[in-house]
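> predicted model and sequence below, questions to follow.
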Amino acid sequence: MKLGLLTAPLPDVPLLEIAEWAASEKFEMLEVCCWPKSSGVNRRYAGITHIEVEDLSKDRGQEIVGQLKQRKIEMSALGYYPNNLHPDPEQRKLVNEHTKKVIKAAGVMGVPVVSTFIGADASKTQDENWADAQKVWPDIVKVATDSNVKIAIENCPMIFSKDEWPSGHNVAYSPRIWREMFDKFGPTVGLNLDPSHLLWQMIDIERVIREFASRIYHTHVKDLEIDREGLYNNGIMSAGIGWQRPRLPGYGEINWASFVATLSQVGYEGVLCIEHEDRRFEGTNEKVKQGFLIARNQIAALLPMSL
């Protein structure tokens with residue numbers, strides 16, 4: 001397994017500058033954010049563009065790959081996390097088309113994975129959203145298959161605010177839907193497995209790894225703290241609102257030794273990509289970098305690598 005990071009928390013830092021710093025700190029891979037410049041999305045860590053995929057030529061794509069290689073770092077994935085089942089038809093069309101552009105760009109650059117969300121309409125049930133997904137996603141999957149790119153769906157329900165309640169903005173957050181998703185879309189589609197989203201849903205992390213071992217195409221390394229007072233006051237029916245807090249690995253409740261060991265046992269050899277969303281290490285780029293290094297030290301201690 002290789003250690004990587006998601007570029008989202010450094011939105012104003014150029015990609016090559018991130019690459020130089022990351023490589024100097026023994027990171028081996030980057031998941032690179034590829035939102036459209038005019039996304040209009042204002043949630044945390046969204047709307048960030050470190051590679052512009054609009055009309056990305058093969059020459060430009062290979063230039064980027066070469067520049068990263070010179071800095072001794074690779075791309076594990078391109079990341080774009082919109083709502084591919086947006087309730088507004090025009091917005092959905094724009095999002096779907098950009099998702100396809102990100103996939104094609106990955107193909108041009110030889111990046112093996114695009115990480116994203118299936119999406120959801122928060123006003124619909126899980127089954128209604130899954131029915132919509134079966135209409136929208138076959139065309140996206142075909143683009144990925146033709147581009148020799150895997151799609152890694154992150155297992156985040158996207159329920160963090162009242163406007164996303166009760167169904168969230170991503171239907172693919174549980175084993176029942178994953179089984180249907182893999183059966184419907186075939187081997188092109190797998191998971192970007194983030195254990196923090198399993199923890200607060202009370203889904204067994206190690207069991208997920210064992211059952212879906214062959215479909216884990218990428219991982220996000222993020223911890224979770226459960227605010228017991230918030231849980232007491234809001235209850236589990238609040239779907240995490242008011243009591244779950246993203247943390248750096250080691251600052252939450254996930255057993256990282258067990259997580260990494262179980263991945264190793266099932267033969268996972270991909271990236272452990274740190275997704276930094278810990279508010280205690282935000283505000284300046286130096287604080288963000290400090291957070292990445294804390295996470296690196298926690299995970300690197302479990303891997304056969306030297307810092």
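Received the coordinates, thanks. Numbers count the residues shown, from 1 in each chain.
> what's the burial count for Q201?
15 (other Cβ atoms under 10 Å). For every residue, glycine as well, the C-beta is placed using N, CA and C.
> distance of it relative to K289?
As judged by Cβ to Cβ, to the nearest Å, Q201 and K289 stand 31 Å apart.
> so how far is I153 from D194?
11 Å.
> please say which of the two ends up with more neighbours.
For D194 versus I153, the count of surrounding residues by other Cβ under 10 Å is larger for I153: 30 against 21.
> confirm that one sits in a helix?
No - I153 sits outside any helix when classified using DSSP: H, G, I helix; E, B strand; the rest coil, being strand.
> would you mind confirming that it makes contact with A172?
Yes - the pair I153 / A172 is scored as a contact, 4.9 Å apart, by Cβ atoms under 8 Å.
> shared neighbours of those two, anything?
Residues within reach of I153 and of A172 at once, by Cβ atoms under 8 Å, 6 or more residues apart in numbering, are F117, I118, M181.
> chain center to the helix or strand where the last one lies, what's the gap?
Here M181 is covered by helix 175-185, with elements defined by DSSP states H and E. A distance of 18 Å separates the centroid of the chain from that of helix 175-185, by Cα atoms, centre = their mean, to the nearest Å.
> only the buried residues of it, if you could.
Across helix 175-185, burial judged by 16 or more other Cβ atoms under 10 Å covers I177, W178, M181, F182, F185.
> now distance to E28 and pLDDT too, for those, in a markdown table please.
A markdown table is the format used below for the buried residues of helix 175-185 (distance: Cβ to Cβ, whole Å; pLDDT from 0 to 100):
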| residue | distance to E28 | pLDDT |
| --- | --- | --- |
| I177 | 32 | 96 |
| W178 | 28 | 98 |
| M181 | 29 | 98 |
| F182 | 28 | 98 |
| F185 | 29 | 98 |
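> can you give me the helices for the stretch 1-150 of the chain?
Per DSSP state H, counting those that start in this stretch, the stretch 1-150 of the chain carries helices over the ranges 15-24, 58-70, 89-109, 126-147.
> make TSV out of those helices and add mean neighbour count.
Listed next are these as TSV, based on neighbours: other Cβ atoms under 10 Å:
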stretch	mean neighbour count
helix 15-24	18
helix 58-70	14
helix 89-109	20
helix 126-147	17
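> and of those, who's closest to G79?
With Cβ to Cβ as the criterion, G79 lies closest to helix 89-109 of these, at 8.4 Å.
> report the buried residues of stretch 247-263.
Buried-residue list, stretch 247-263, by 16+ other Cβ under 10 Å: R247, L248, P249, Y251, G252, I254, W256, F259, V260, T262, L263.
> quick one, helices of the stretch 151-300 of the chain?
175-185, 195-201, 205-211, 228-234, 256-265, 285-300.
> hmm, what's the outermost residue in this structure?
Most distant residue from the mean C-alpha position of the chain: N233, 29.8 Å away (Cα atoms, centre = their mean).
> G242 is in contact with that residue, correct?
Yes - if you go by Cβ under 8 Å, N233 and G242 touch, sitting 6.9 Å apart.
> and the residue farthest from the centre of the chain, what does it touch?
G242, W243.
> and G107, by the same measure?
Counted by Cβ under 8 Å, 6+ apart, G107 has contacts D146, S147, N148, V149.
> mind checking how far it is from K101?
11 Å.
> ok, back up a step: to N129, which of the helices of the stretch 151-300 of the chain lies closest?
Smallest distance to N129 across the helices of the stretch 151-300 of the chain (Cβ to Cβ): 9.0 Å, for helix 175-185.
> spatially, which two of the buried residues of helix 175-185 are the most separated?
Among these, I177 and F185 lie farthest apart (Cβ to Cβ), at 11.5 Å.
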